[in-house]
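Colleague: how would this look folded up:
(one chain, ligands or ions: 1)
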Amino acid sequence: MSDKKLFKRDEIINRNSKTDAVFIIKNQVYDVTKFLDDHPGGHEVLLNVAGKDASEDFDDIGHSMDAKELMKKYLIGDLVEEDRVEPKKRKFDWDNPKTENVAETSFTSSWKFPIVLGLIMTVLYTYLFG
Ligand code: HEM
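Modeller: Alright, predicted model coming up:
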């Protein structure tokens with residue numbers, strides 16, 4: 001445990017083989033290469049998520065407390081601060097708000113138009129018939 005490392009998500013993507021199987025669960029990095037043959041759920045499920053974030057898959061199974069205790073043995077480190085995500089949330093690029101740059105709509109199609117039109121009509125009505 002003393003040699004815990006910090007990893008970037010990019011460093012893990014290619015670690016998805018039988019001889020090097022690493023995945024992420026809740027921002028922590030696990031090397032399960034030596035566990036593949038011993039996993040009660042089989043090695044295939046682990047290889048399927050190797051190189052990826054397995055948080056949801058791990059939770060979906062509803063692993064026991066024993067399993068959660070056992071996983072500590074395979075913990076090799078954490079994700080670097082900027083690659084972490086809030087638990088239960090999918091990774092989303094909040095740092096790139098360019099999509100918010102929506103062009104200004106024309107005045108006639110905006111919500112202000114009917115209000116202004118209504119005001120003009122009211123003033124006109126009062127002026128003519130009031
Ligand atoms: C280091 C990480 C993991 C450890 C230590 C671990 C450990 C275990 C253990 C001890 C069991 C027996 C049942 C239990 O005690 O809950 C189990 C079952 C299972 N695990 Fe994992 N597991 C890990 C990761 C995963 C991941 C990432 C997946 C899915 C992608 C997965 C899928 C399964 C499945 C399908 C079963 C069989 C459930 C059943 O037969 O009902 N496991 N695992």
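Colleague: what about the residue of the chain found nearest the ligand, distance to Gly51?
Modeller: Relative to the ligand, the nearest point of the chain is Gly41 (2.4 Å; Cβ to the nearest ligand atom). For glycine as for every other residue, the C-beta is placed from the backbone atoms N, C-alpha and C. Separation of Gly41 from Gly51 (Cβ to Cβ, to the nearest Å) stands at 18 Å.
Colleague: And for Pro114?
Modeller: 54 Å.
Colleague: So for stretch 109-128, mean pLDDT?
Modeller: On average, the pLDDT along stretch 109-128 is 90.
Colleague: Please export the C-alpha coordinates of the lengthiest helix in the chain as PDB.
Modeller: Criterion DSSP state H: the longest helix present in the chain is helix 112-129. In PDB, the C-alpha atoms belonging to helix 112-129 read as follows (Å, rounded to 0.1, in the frame of the first residue of the first chain):
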ATOM      1  CA  LYS A 112     -40.000  40.000 -25.300                       C
ATOM      2  CA  PHE A 113     -41.900  40.500 -28.500                       C
ATOM      3  CA  PRO A 114     -45.500  39.600 -27.300                       C
ATOM      4  CA  ILE A 115     -45.000  41.600 -24.100                       C
ATOM      5  CA  VAL A 116     -43.900  44.700 -26.000                       C
ATOM      6  CA  LEU A 117     -46.800  44.200 -28.500                       C
ATOM      7  CA  GLY A 118     -49.300  43.800 -25.600                       C
ATOM      8  CA  LEU A 119     -48.000  47.100 -24.000                       C
ATOM      9  CA  ILE A 120     -48.300  49.000 -27.300                       C
ATOM     10  CA  MET A 121     -51.900  47.700 -27.800                       C
ATOM     11  CA  THR A 122     -52.900  48.600 -24.300                       C
ATOM     12  CA  VAL A 123     -51.500  52.200 -24.600                       C
ATOM     13  CA  LEU A 124     -53.200  52.500 -28.000                       C
ATOM     14  CA  TYR A 125     -56.600  51.200 -26.800                       C
ATOM     15  CA  THR A 126     -56.500  53.600 -23.800                       C
ATOM     16  CA  TYR A 127     -55.600  56.500 -26.000                       C
ATOM     17  CA  LEU A 128     -58.300  55.800 -28.600                       C
ATOM     18  CA  PHE A 129     -61.200  54.600 -26.500                       C
END
